[in-house]
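Novice: Any chance you can model this:
(chains A, B, C, D, E and F)
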There are 4 protein chains.
Amino acid sequence: MSDDYKKNKKALILKSAFECFAEKGFQVATMEDIVKHSNISKGAIYNYFSSKDEIYIELMNERTSESINKLRDELGRLKTSNEKLEHLFNVYSDVNKTSDYVNATRVHIEFWLYSTRKDDLRTIMISRFNMYKDLFKTIIDEGIKNGEFSKKANSEELSLIFWGVIDGSSLHHAMLLELFPFQNVITELKQIIYLKLKEK
Amino acid sequence: MSDDYKKNKKALILKSAFECFAEKGFQVATMEDIVKHSNISKGAIYNYFSSKDEIYIELMNERTSESINKLRDELGRLKTSNEKLEHLFNVYSDVNKTSDYVNATRVHIEFWLYSTRKDDLRTIMISRFNMYKDLFKTIIDEGIKNGEFSKKANSEELSLIFWGVIDGSSLHHAMLLELFPFQNVITELKQIIYLKLKEK
Amino acid sequence: MSDDYKKNKKALILKSAFECFAEKGFQVATMEDIVKHSNISKGAIYNYFSSKDEIYIELMNERTSESINKLRDELGRLKTSNEKLEHLFNVYSDVNKTSDYVNATRVHIEFWLYSTRKDDLRTIMISRFNMYKDLFKTIIDEGIKNGEFSKKANSEELSLIFWGVIDGSSLHHAMLLELFPFQNVITELKQIIYLKLKEK
Amino acid sequence: MSDDYKKNKKALILKSAFECFAEKGFQVATMEDIVKHSNISKGAIYNYFSSKDEIYIELMNERTSESINKLRDELGRLKTSNEKLEHLFNVYSDVNKTSDYVNATRVHIEFWLYSTRKDDLRTIMISRFNMYKDLFKTIIDEGIKNGEFSKKANSEELSLIFWGVIDGSSLHHAMLLELFPFQNVITELKQIIYLKLKEK
DNA sequence: GATGAATGAGTATTCATTCAT
DNA sequence: TATGAATGAATACTCATTCAT
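Specialist: Residues are numbered from 1 along each chain as shown, chains lettered A, B, ... in the order given. Model prediction:
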């Protein structure tokens, strides 16, 4: 079979797995669920992945890489630090409307907790986290350097605040759904962060 | 047996359960784990709780009630909105030093995700969330009313930002441990929120 | 404590046990059920009976002895074989109206099956069965001897038919309840048995 | 795997289950017993049946259907009401010699009691009972119509007596085994029923 | 004697993984 | 490669019995 065929099949399995994990949670979703959802036999799945854990890990790997690459790509196309920062806020301001985002939140946070207890994963997740952190931090640092932002801004902490709000609010949003004014929160967050960035 | 005896036993079981859930997660921790950890027999545990789920729910109920009551109590003793807000920041600025807090985070967030999928729990958790939200919001609203804070402040969104950072950063902290500068983040958060609260 | 007190308590326990076994069956009813139903503590019950099995066996012992003694007593007061036979038919013709009888049937037949698998009980139950069989058989034999019944009657087989119908119909009745015309069956049985008994 | 293979496997499991239930009773026999007796793994059994209860119910369904179909088939081949009735008596006169019959009795009567307490099963069992009842009753009714039997015969009650003796005696036989003269009882029953059927 | 909390072996059921076809 | 039947260790929960008070 061609490599393409295999890649496709793997992708199909991962997609199904994601949907099953989103619906029930990783622990509760069974291989049988994935079999039914994907219409791929149990044996076939085990030809591509050696365990349920591996599916989980590979799935999250792929999703995170994809998401971070996409972000980097988009940011790379923008010029000013202002534009870049703006873009970051927009991404998360829009994203919440889809019910996909709620599913993604559940799966990602469950995986985050899961990684917390596995040293090999923990290392990976920490470096991933730092990538996200640096994404924001670098924008601020560059903005400071080129005079767009105030020198008083603490890029490290502001970045951690930004990602804290993103993850914390995603968690809250996953529970409250339409009751949670995700967009307003992001807008306000942008405002107060800019108060700091423009502080004299 | 006295009511006190029973209360004590229940508390003992809950404490053990919390520690087991913290170590392995609710789904992975087994009743056998709790038996071994608590030195209380399986049958005895089932005399006090009708299921593993009930242990989980009662455990979280108790912890949340306790925590929110404690907060309210402490805030009730303070006079100005400034003092109250300050207190809230301090609570979460200090709390992170204990490894207990990491455990608590893991268990609480896992329960949060768990509740996301059970309608009866979801209702409860939403009202709990609103209590926390209102705790912060009320301080701001009162501060605005009595002139301590700027009228430009959006109490609702600021509250959601505050709790977003608390929960999001707790999650990040649970992974990064001492690598995560929890205190600095809170300090910075306080600063930028105050920028808004003091805005003219 | 007086012997009377003890006897009373035992009787109370047995009564409760019977009602629990009737409701759920011996295997399904728990000691806890008996505790709740009797308002006698678990420990107390074990002071009077050494096991659930013992309760069952003693309960059935008592009920069977009582029932057979009552029958013998009533029959002893009657003179002719005709009267005696008539009485026997009447007893079972009336008995079915009470819902108590359905309960008794369930418990007795379950115990009968249970005894089937325990050699010590089996011996006892066989001798019990023979007592019932002889009760009917003796009436016929005496009736033949004193000329009330035809010499062609096979007392042994007629007795077995009688008790077969009683037990079989009780079983059917326990399922069909008011749909089962117990009384009609007994009446018809009496008729055809009398056809034989009066055969020339 | 072919449908035949599956049917076979199911039959194998049911056969094993029947033997285990016969030996120990449904409640006492464990899934582990069936596993050992059948040499089929626990998981495999659960691939074919969703619970121990389902095994029980499907087992009894099958056995009853089979038995009633066989009876109907055999009776259908016979012409006169006399021949048909004769056949029915013969079936139960012969059947008792096998130890299989004792096992069947135990399992069937335990299931009868069990159904007594489950409304869905009760409905089914009542209709099953009526099939058996009608089998006998119809023979009598036809015999009356075509002049083979006396008009004085009450087909309904005679049928209930017949099945009462069959079930009651089977129960007695299950306890007394070779001590119970099953054949003689049936012979005598036939005689007295015929006395009625030939009554002028 | 009475109480009811504690014990822990026993039970039905699930599910990740394997493997013959 | 794909299939899905088979495996069996693992798990939540039950309940007869014991025993400290």
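Novice: alpha carbons only for contacts and neighbour counts from here, please
Specialist: Noted.
Novice: so who does the residue of chain A found nearest chain D touch?
Specialist: Chain A approaches chain D most closely through A:E32 (12.5 Å), counting by C-alpha to the nearest C-alpha. Shown in contact with A:E32 (C-alpha atoms under 8 Å, 6 or more residues apart in numbering or on different chains): A:K42.
Novice: how about whichever strand or helix holds it, does it get close to DNA strand E?
Specialist: Element membership for A:E32 (DSSP states H and E) is helix A:31-38. Yes. Counting by C-alpha under 7 Å from any atom of the strand, DNA strand E has neighbours in helix A:31-38: A:M31, A:E32.
Novice: Could you point out which residue ranges in chain A have low pLDDT?
Specialist: Where chain A drops to pLDDT under 70, the residues are A:1, A:96.
Novice: Try it again at 80.
Specialist: Low-confidence segments of chain A (pLDDT under 80): A:1, A:95-98.
Novice: By residue count, tell me the biggest helix in it.
Specialist: helix A:119-145 (DSSP state H).
Novice: what inclination does the very next helix or strand once past that one have with respect to helix B:119-145?
Specialist: Using DSSP H and E, the helix or strand that follows helix A:119-145 in sequence is helix A:155-176. Going by axes from the mean of the first three to the mean of the last three C-alpha atoms, to 10 degrees, helix A:155-176 is angled at 130 degrees with respect to helix B:119-145.
Novice: Please point out which parts of stretch A:82-90 sit buried.
Specialist: A:N82, A:K84, A:L85, A:H87, A:L88, A:F89 (16 or more other C-alpha atoms under 10 Å in any protein chain shown).
Novice: Just the CA trace of whatever helix or strand comes next after the helix holding A:E32, in PDB.
Specialist: The element immediately downstream of helix A:31-38 (helix or strand, assigned by DSSP H and E) is helix A:42-48. In PDB, the C-alpha atoms belonging to helix A:42-48 read as follows (Å, rounded to 0.1, in the frame of the first residue of the first chain):
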ATOM      1  CA  LYS A  42     -10.100  -3.100  15.600                       C
ATOM      2  CA  GLY A  43      -7.200  -5.100  14.000                       C
ATOM      3  CA  ALA A  44      -6.700  -2.400  11.400                       C
ATOM      4  CA  ILE A  45      -6.400   0.300  14.000                       C
ATOM      5  CA  TYR A  46      -3.800  -1.700  15.800                       C
ATOM      6  CA  ASN A  47      -1.900  -2.000  12.600                       C
ATOM      7  CA  TYR A  48      -1.400   1.800  12.700                       C
END
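Novice: Helix A:42-48 near DNA strand E at all?
Specialist: Yes. Using C-alpha under 7 Å from any atom of the strand, we find that helix A:42-48 touches DNA strand E at A:K42, A:G43, A:Y46.
Novice: What sits closest to the first one if chain neighbours are left out?
Specialist: Beyond its immediate neighbours in the sequence, the residue positioned closest to A:K42 (C-alpha to C-alpha, 6 or more residues apart in numbering or on different chains) is A:V35, lying 5.9 Å away.
Novice: Quick check: that neighbour vs A:K52, distance?
Specialist: From A:V35 over to A:K52 the distance is 12 Å, taken as C-alpha to C-alpha, to the nearest Å.
Novice: repeat for A:F129
Specialist: 24 Å.
Novice: what's the answer for A:F162, then?
Specialist: Distance from A:F162 to A:K52, by C-alpha to C-alpha: 33 Å.
Novice: Neighbour count for these two, which is higher?
Specialist: A:F162 (27 against 16; other C-alpha atoms under 10 Å in any protein chain shown).
Novice: any idea how far that one is from chain C?
Specialist: Here A:F162 is placed at a distance of 58 Å from chain C (C-alpha to the nearest C-alpha, to the nearest Å).
Novice: now check the helix holding A:E32, is it near DNA strand F?
Specialist: No. If you take C-alpha under 7 Å from any atom of the strand as the test, helix A:31-38 misses DNA strand F, and the best it gets is 8.5 Å.
Novice: chain center to that helix: distance?
Specialist: 25 Å (C-alpha atoms, centre = their mean, to the nearest Å).
Novice: Could you do stretch A:159-172 as well?
Specialist: With C-alpha atoms, centre = their mean, you get 11 Å for stretch A:159-172.
Novice: who's in contact with the spatially closest residue to A:A17 that is not a sequence neighbour?
Specialist: If you skip the residues right next to it in sequence, A:A17 has A:I34 as its closest partner in space, 5.6 Å away by C-alpha to C-alpha, 6+ apart. For A:I34, the contacting residues are A:I13, A:S16, A:A17, A:C20, by C-alpha under 8 Å, 6+ apart.
Novice: Could you show which parts of chain A are in contact with DNA strand E?
Specialist: A:27-32, A:42-43, A:46, A:50-53.
Novice: Tell me the buried residues within the contacts of A:I34.
Specialist: For these, buried by 16+ other C-alpha under 10 Å: A:I13, A:S16, A:A17, A:C20.
Novice: a markdown table please, covering those residues and showing distance to A:L171 and secondary structure.
Specialist: Converted to a markdown table, the buried ones among the contacts of A:I34 look like this (distance: C-alpha to C-alpha, whole Å; DSSP: H, G, I helix; E, B strand; the rest coil):
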| residue | distance to A:L171 | secondary structure |
| --- | --- | --- |
| A:I13 | 26 | helix |
| A:S16 | 23 | helix |
| A:A17 | 21 | helix |
| A:C20 | 19 | helix |
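Novice: From A:V107, how far off is the residue nearest to A:K42?
Specialist: Counting by C-alpha to C-alpha, the gap from A:V35 to A:V107 is 19 Å.
Novice: And these two? Which one has more around it.
Specialist: A:V107 (23 against 18).
Novice: who touches the residue lying closest to the more buried one once chain neighbours are set aside in this structure?
Specialist: Distances taken as C-alpha to C-alpha, 6+ apart put A:A22 closest to A:V107, at 5.5 Å, once the chain neighbours are dropped. The neighbourhood of A:A22, defined by C-alpha under 8 Å, 6+ apart, consists of A:N103, A:A104, A:R106, A:V107.
Novice: most neighbours, which of those?
Specialist: Busiest of the contacts of A:A22 [other C-alpha under 10 Å] is A:R106, holding 27 neighbours.
Novice: secondary structure element for it?
Specialist: helix A:99-116.
Novice: and that helix, what other elements does it pack with?
Specialist: helix A:3-24, helix A:119-145, helix A:155-176, helix B:99-116, helix B:155-176 (3 or more C-alpha pairs under 8 Å, 6 or more residues apart in numbering or on different chains; DSSP states H and E).
Novice: chain center to the next helix or strand after the third one: distance?
Specialist: Following the chain from helix A:155-176 toward its C-terminal end, the next helix or strand by DSSP H and E is helix A:182-197. A distance of 20 Å separates the C-alpha centroid of helix A:182-197 from that of its chain, computed with C-alpha atoms, centre = their mean.
Novice: Same check on stretch A:70-85?
Specialist: With C-alpha atoms, centre = their mean, you get 17 Å for stretch A:70-85.
Novice: Let's see the distance spanning it from one end to the other.
Specialist: 15 Å.
Novice: list the buried ones in it?
Specialist: A:L71, A:L75, A:S81, A:N82, A:K84, A:L85.
Novice: Please apply the same query to stretch A:124-144.
Specialist: A:125-126, A:128-129, A:132-137, A:139-141, A:143-144.
Novice: Return the closest of those residues with respect to DNA strand E.
Specialist: Nearest to DNA strand E out of the buried residues of stretch A:124-144 is A:M125 (C-alpha to the nearest atom of the strand; 21.6 Å).
Novice: show me the contacts for A:F18.
Specialist: A:L59, A:V107.
Novice: Run a quick neighbour tally on whatever residue of chain A ends up closest to DNA strand F.
Specialist: Here the residue of chain A nearest DNA strand F is A:G43; by C-alpha to the nearest atom of the strand that distance is 2.8 Å. The number of residues packed around A:G43, counting by other C-alpha under 10 Å, is 10.
Novice: Tell me which residues touch it, please.
Specialist: By C-alpha under 8 Å, 6+ apart, A:G43 has no neighbours at all.
Novice: next one: A:M31
Specialist: A:K42, A:K52.
Novice: Tell me the gap between stretch A:115-122 and the middle of its chain.
Specialist: Worked out by C-alpha atoms, centre = their mean, stretch A:115-122 lies 17 Å from the chain centre.
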